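Peer 1: Output the structure for:
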Amino acid sequence: MQFCANKLDKKDFFGKSDPFMVFYRSNEDGTFTICHKTEVVKNTLNPVWQPFTIPVRALCNGDYDRTIKVEVYDWDRDGGHDFIGDFTTSYRELARGQSQFNVYEVINTKKKMKKKKYVNSGTVTLLSFSVESEFTFLDYIKGGTQINFTVAIDFTASNGNPSQSTSLHYMNPYQLNAYAMALKAVGEIIQDYDSDKMFPALGFGAKLPPDGRVSHEFPLNGNMENPYCNGIQGILEAYHQSLKTVQLYGPTNFAPVVNHVARYAAAVQDGSQYFVLLIITDGVISDMAQTKEAIVNGAKLPMSIIIVGVGQAEFDAMVELDGDDIRISSRGKLAERDIVQFVPFRDYVDRTGNHVLSMARLAKDVLAEIPDQFISYMKTRGIKPNPAPPPYTPPGHTHHYTQI
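Peer 2: Below is the predicted model:
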């Protein structure tokens, strides 16, 4: 929606008014709840506000005839904004779009009672109105979009020698280490969205047999042609096998595994597939500039990156990659959307030893941003979900519908 106003009351002693509008939806009990505030347009009595988007639910709770109240104010620096006037409308009225019906008189009741000749305090006009369907993550999944899950594990020497109990990669016969716990917690939820349950699993930062060359994207199962593992159990087995054959080394380079997944994502940008990369690391990153560039490029593709930091290191660099506070950039180019979610594993280690609950919390927080990241990709590309196929009926069974 977009609105403009004409001839609003002048409220400032010097100069004109600085108008903004506040929208309220009415509740069942007659009270009003604020649902949108426009920006302030400085020093004008004829403002044109920016177009804005609001869910229909927030505006009228799905009731097209419910009252929507709009108040117009003159902004004041000290927060004591001056009331110019208000008007009421409804979704049904607004849905008529730009027309003579959508020009509203702004009325200040106090002024009206005082002044006999009072007409109004200006008018507000609807300039445009359109409704778009908002699709959910599940609409796309039901329509057949595949989620492809890839895992990348940090095999750098800073993790400590796997044969020693202080190592983050220590193979304790009685309990999973932090890497395995994080992989299991996140993977077991993501695998439900992946129909074939075959997952590429990579390692980085190790020296490989037989010649000891350092690799930053090697298959955990040792098969360059086919790095796929069968289910989360298959990844865990390949991970344990790798620990016995490779030598932990360094440096900690993320860019190769990010670019690895990006190459696959770049090949299918029609919305039929979306890629999620889980990186589990002890967090001391060596190729920050290259990783930033890889993420900025990846933000244009159907992919998301989850980073779980294990161990006690400082994770400042990971927080920067997350881009929640400051959107990540590389060579002056800003990432077009936020695709990285970082969580430190230590925040989820339950002191009481209740791993089930704490791992459920980890999975929830790690995956919390994926649906929104997924939707933002589909929306900017104008990709709508395919209709869901009809429910499966076994042969020989026919549905009988009763006419009522």
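Peer 1: which residues sit against stretch 27-42?
Peer 2: Residues outside stretch 27-42 that contact it (C-beta atoms under 8 Å, 6 or more residues apart in numbering) are 3, 18-26, 47-50, 52, 54, 58-59, 69, 75. Where C-beta positions appear, they are placed from N, C-alpha and C, glycine not excepted.
Peer 1: I meant to write stretch 48-56 there.
Peer 2: By C-beta under 8 Å, 6+ apart, the list of residues contacting stretch 48-56 reads 1-4, 20-21, 23, 35-36, 38-39, 41, 62, 91, 127-128, 131, 134.
Peer 1: which of these are buried?
Peer 2: 1, 2, 3, 20, 21, 23, 35, 36, 38, 41, 91 (16 or more other C-beta atoms under 10 Å).
Peer 1: Strands of the stretch 101-250 of the chain, residue ranges please.
Peer 2: 103-105, 123-128, 146-154, 198-204, 206-208, 213-215, 218-219, 228-230, 247-248 (DSSP state E, counting those that start in this stretch).
Peer 1: ok, back up a step: can I have the buried ones of the contacts of stretch 27-42 as a ChimeraX selection?
Peer 2: To isolate the buried members of those in ChimeraX, using 16+ other C-beta under 10 Å:
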select :3,18,19,20,21,22,23,24,25,26,47,49,59,75
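Peer 1: The contacts of stretch 27-42 in helices, which ones?
Peer 2: Counting by DSSP state H, the contacts of stretch 27-42 place 58, 59 in helices.
Peer 1: Among the contacts of stretch 27-42, which lie within strands?
Peer 2: Counting by DSSP state E, these place 3, 19, 20, 21, 22, 23, 24, 25, 26, 69 in strands.
Peer 1: I'd like the distance between the closest residue to the second one other than its chain neighbours and residue 229.
Peer 2: Counting by C-beta to C-beta, 6 or more residues apart in numbering, residue 47 is the residue found nearest to residue 19 once chain neighbours are left out, at 4.9 Å. In this structure, residue 47 and residue 229 are 59 Å apart, going by C-beta to C-beta, to the nearest Å.
Peer 1: again, but for residue 103
Peer 2: 64 Å.
Peer 1: who's more crowded, the two?
Peer 2: residue 229 (23 against 13; other C-beta atoms under 10 Å).
Peer 1: For residue 386, give me the backbone phi and psi.
Peer 2: phi -70, psi 150 (degrees, to the nearest 10).
Peer 1: Report the separation between it and residue 141.
Peer 2: Applying C-beta to C-beta, the value for residue 386 to residue 141 is 11 Å.
Peer 1: Neighbour count: those two, which is higher?
Peer 2: Neighbours were counted for residue 386 and for residue 141 using other C-beta under 10 Å; residue 141 has more, 18 against 14.
Peer 1: which ones are touching the more buried one?
Peer 2: 147, 193.
Peer 1: hmm, which two among the ones in strands among the contacts of stretch 27-42 are most spread apart?
Peer 2: Put simply, by C-beta to C-beta the two of the ones in strands among the contacts of stretch 27-42 set farthest apart are 19 and 26, 22.9 Å from each other.
Peer 1: quick revisit: what's the distance between the residue nearest to residue 19 and residue 6?
Peer 2: Distance from residue 47 to residue 6, by C-beta to C-beta: 9 Å.
Peer 1: pLDDT at the residue nearest to residue 19, what is it?
Peer 2: pLDDT, residue 47: 95.
Peer 1: Same check on the one 5 residues further on?
Peer 2: Reading off the confidence values, residue 52 has pLDDT 94.
Peer 1: measure it to residue 159 for me?
Peer 2: For residue 52, the distance to residue 159 - C-beta to C-beta - is 49 Å.
Peer 1: now the strands of the stretch 101-250 of the chain as TSV including distance to residue 261 and mean pLDDT?
Peer 2: Shown next, in TSV, are these (distance: least, C-beta to C-beta, whole Å; pLDDT from 0 to 100):
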stretch	distance to residue 261	mean pLDDT
strand 103-105	52	95
strand 123-128	40	96
strand 146-154	5	95
strand 198-204	8	96
strand 206-208	19	96
strand 213-215	16	96
strand 218-219	14	97
strand 228-230	14	96
strand 247-248	23	96
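Peer 1: I'd like to know which of those strands lies nearest to residue 114.
Peer 2: The nearest among these, by C-beta to C-beta, is strand 103-105 at 17.1 Å.
Peer 1: For that closest one, what is the distance to the chain centroid?
Peer 2: Mean-position distance between strand 103-105 and its chain equals 38 Å (C-alpha atoms, centre = their mean, to the nearest Å).
Peer 1: where do the helices sit along the stretch 301-404 of the chain?
Peer 2: 316-322, 355-367, 370-380 (DSSP state H, counting those that start in this stretch).
Peer 1: Same list (the ones you listed) but as CSV, adding distance to residue 390 and mean pLDDT.
Peer 2: Output for the helices of the stretch 301-404 of the chain, formatted as CSV (distance: least, C-beta to C-beta, whole Å; pLDDT from 0 to 100):
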stretch, distance to residue 390, mean pLDDT
helix 316-322, 41, 88
helix 355-367, 29, 85
helix 370-380, 23, 94
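Peer 1: Quick one: closest of those helices to residue 344.
Peer 2: helix 316-322 (7.8 Å).
Peer 1: For the protein, which element, helix or strand, carries the lowest mean pLDDT?
Peer 2: helix 355-367 (a mean of 85; mean pLDDT, DSSP states H and E).
Peer 1: what angle separates the longest helix seen in the chain from strand 198-204?
Peer 2: In the chain, ranked by residue count with DSSP H as the criterion, the top helix is helix 231-245. For helix 231-245 against strand 198-204, the angle by axes from the mean of the first three to the mean of the last three C-alpha atoms, to 10 degrees is 30 degrees.
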